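Enquirer: Predicted model follows, preceded by the sequence.
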Amino acid sequence: MSMSRSDTAAPAAPLDVEAIRRDFPFFESGIAYLDSANTSQRPRQVLDAMLEYFTRYNSNIHRGVYRTSMEATERYDETRRKVREFINARSSKEVIFTRNVTDAINLVAYSWGRTNVREGDLIVLTVMEHHSNLVPWQILAREKGARIEYVDIDDAGELRMDQFHALLEKRPKLVAFAQVSNTLGTITPYREMTAAAHEAGAVVLIDGAQGVQHVGVDVQEVGCDFYGFTGHKVLGPTGVGVLYGRRDLLEAMPPFEGGGDMIKAVFLDHTEYAELPMKFEAGTPAIAEVIGLGAAIDYLRDVGLDAIRAHELGLTEYAMEALGDIEGLRLFGPPASRRAGVVSFDVDGIHPHDLATILDRHDVCLRAGHNCAMPLMHRLDVAALARASFFLYSTRQEIDRLVAGLHDAKRIFA
Amino acid sequence: MAVDDQFYREFILDHYKNPRNFGRLEDADVSHEEYNPLCGDMVGMDFRIADGVIEDVRFHGRGCAISQASASLMTERLKGMSLEDARKISRDDVLEDLGIEISPARLKCALLTLKVLKVGAYGLAGDEEDDE
């Protein structure tokens, strides 16, 4: 992976989408799947890697002396090295396996937050965060008597940077924000925000749930202190996520959960904790899922993030144009070039749930609801939105089917 | 391609577009609102009660066709009904009023109004429908 990745599409060979789709058994169903920002489909390579673990060398890790256990351990740790390379962390010790991004953020909120955040401290978030990057901080702030202030968005769905910089003058302890908005698709100026927040003395956490698979990340270049992403949105299985943390911060943090695997030595009156990264991985982890995540990262790397980004940009432009032609349909968020493959909209007089129900009858899957971002729904003054999202396997034909379904919904509700 | 219209039958769309008893009651004896946390839909009801009978009822809220039609249908059912009879209204009655097959994902939309009725008018625990 290159040390510096551009957020705008770099020239890349077009994807052979038909060949890619043949790797994904799900598409044999004939369903148009436009909900990858919710969870992605998984290629055979990922399923096979997990099945191979279950059928050939199923054993616990870091315990057995026998060969299958050693193989399981080796394959588990191999994924950690793949993740390190994927996000360009300095060391595999900075890569902690979690259940998902929610778990990763909670780890930081509970372990780093409870040690470092004090009464009166300021935490800066944005109004377009997913609940997973809101609620853990609200819990922490309430417990510690800390304050939270939110960066608003402008009418185009981009962060108000003037407000952000003004908030930094209040010297926040922590700044946490999404790399890419799960609802509007907005690619935030995460490099600039991280640099400015550091200058103001804040620790920076980036929620990469919607970013790592579309625009990628180089955590050393960005310089963030924490970065989280989840396996099931990057072609991997559910049940595994990643927290990247800067080593000196992780070293100084107390454990999040206690138990097996996170210890060096246990006595009745005290415990010596394991070194990184095991200090934060208590209990038997999701071994098959971690191994599956490794195969997913291989797959993404083989296809190439630049090519994926270019493909998604083409689809996003196509979708925004096609949807924009539908009377009574409102698009939300920035222009295609400034967003990842996510398009949220509503249709006058038809609730998004009703749209999704009708589209389901056309075998088109899309998200409808508050997208786990209720404060953003309030900010946009909508009860809910419909959201179509794309990935490397998405096609224009799927978008055409969405458009046809929307016309049918308008006919029914006319 | 058009799908069959069985799900969004004409009378459901009619209740959605022309909701009956929509608005607020200024002199309500009981008012209650409930939210569907999955989608943010809201239904609120105001009741005027005299001698154990629901004299008047209005609903307000925002949401999908299923939740709003269900509320509209419920107000028609409730008007003039004794509290004793209203207490007996079950989820099956609500689904029968709608007369369509509701998928599990949309059941909460259909039953939101019943929850408003039970929690609001009777102080019953609203959670009993949640395991369905």
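Expert: Happy to help now that I have it.
Enquirer: Please name the residues that touch A:A196.
Expert: The contact partners of A:A196, taken as Cβ atoms under 8 Å, 6 or more residues apart in numbering or on different chains, are A:F164, A:H165, A:L168. C-beta coordinates here come from the backbone N, C-alpha and C atoms, glycine included.
Enquirer: ok, and the closest non-adjacent residue to the residue of the stretch 101-250 of chain A found nearest chain B?
Expert: Taking Cβ to the nearest Cβ, chain B has its nearest neighbour within the stretch 101-250 of chain A at A:H131, 10.8 Å off. Distances taken as Cβ to Cβ, 6 or more residues apart in numbering or on different chains place A:C372 nearest to A:H131, at 4.7 Å, with adjacent residues excluded.
Enquirer: And A:A156, by the same measure?
Expert: A:P334 (4.9 Å).
Enquirer: Check A:Q179 too.
Expert: In this structure, A:Q179 finds its nearest non-sequential neighbour in A:G211, 3.1 Å apart by Cβ to Cβ, 6+ apart.
Enquirer: Check A:L34 too.
Expert: Once flanking residues are discounted, A:L34 sits nearest to A:A388: 4.2 Å by Cβ to Cβ, 6+ apart.
Enquirer: So what touches the helix or strand hosting that neighbour?
Expert: Per DSSP states H and E, A:A388 falls inside strand A:385-389. By Cβ under 8 Å, 6+ apart, the residues outside strand A:385-389 that reach it are A:34-38, A:183, A:185, A:319, A:332, A:341-347, A:352, A:355-356, A:366-371, A:377, A:399, A:402.
Enquirer: Just the C-alphas of it, formatted as CSV.
Expert: Output of strand A:385-389 as CSV, limited to C-alpha atoms (Å, rounded to 0.1, in the frame of the first residue of the first chain):
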residue,chain,number,x,y,z
LEU,A,385,-34.0,8.3,5.2
ALA,A,386,-33.6,5.6,2.6
ARG,A,387,-30.0,4.8,1.8
ALA,A,388,-28.4,3.0,-1.1
SER,A,389,-24.7,2.1,-0.8
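Enquirer: how about low-confidence regions in chain B?
Expert: The model of chain B has pLDDT under 70 over residues B:1-6, B:39, B:123-132.
Enquirer: What segments of the stretch 51-200 of chain A are helices?
Expert: All helices of the stretch 51-200 of chain A, identified by DSSP state H, counting those that start in this stretch, fall at A:67-87, A:101-107, A:114-116, A:135-144, A:161-168, A:190-199.
Enquirer: can you list contacts of the fourth one?
Expert: Going back to what we said before, that points to helix A:135-144. A:102, A:105-106, A:108-110, A:113-114, A:117-119, A:121, A:123, A:125, A:146-148, A:174, A:176.
Enquirer: rerun at 7 Å
Expert: Residues outside helix A:135-144 that contact it (Cβ atoms under 7 Å, 6 or more residues apart in numbering or on different chains) are A:105-106, A:109, A:113, A:117-119, A:123, A:125, A:146-148, A:176.
Enquirer: What is the top helix by length along chain B packed up against?
Expert: The single longest helix within chain B, with elements called by DSSP state H, is helix B:65-78. Where contact means 3 or more Cβ pairs under 7 Å, 6 or more residues apart in numbering or on different chains; DSSP states H and E, helix B:65-78 is packed against helix B:10-17, strand B:53-62, helix B:91-98, helix B:107-116.
Enquirer: coming back round to it: state the number of residues packed around the residue nearest to A:H131.
Expert: 18 (other Cβ atoms under 10 Å in any protein chain shown).
Enquirer: returning to what we had before: and the next element down the chain from the longest helix of chain B?
Expert: Following helix B:65-78 in sequence, per DSSP H and E, is helix B:83-87.
Enquirer: What about the contacts of helix A:135-144, which are in strands?
Expert: Judged by DSSP state E, the subset of these located in strands is A:I123, A:L125, A:R147, A:I148, A:A176.
Enquirer: Show me the shaky parts of chain A.
Expert: A:1-12.
Enquirer: that older thread, against chain B, how distant is the residue nearest to A:H131?
Expert: 10 Å (Cβ to the nearest Cβ, to the nearest Å).
Enquirer: In three-state terms, label that residue for me.
Expert: Using DSSP: H, G, I helix; E, B strand; the rest coil, the structure places A:C372 in coil.
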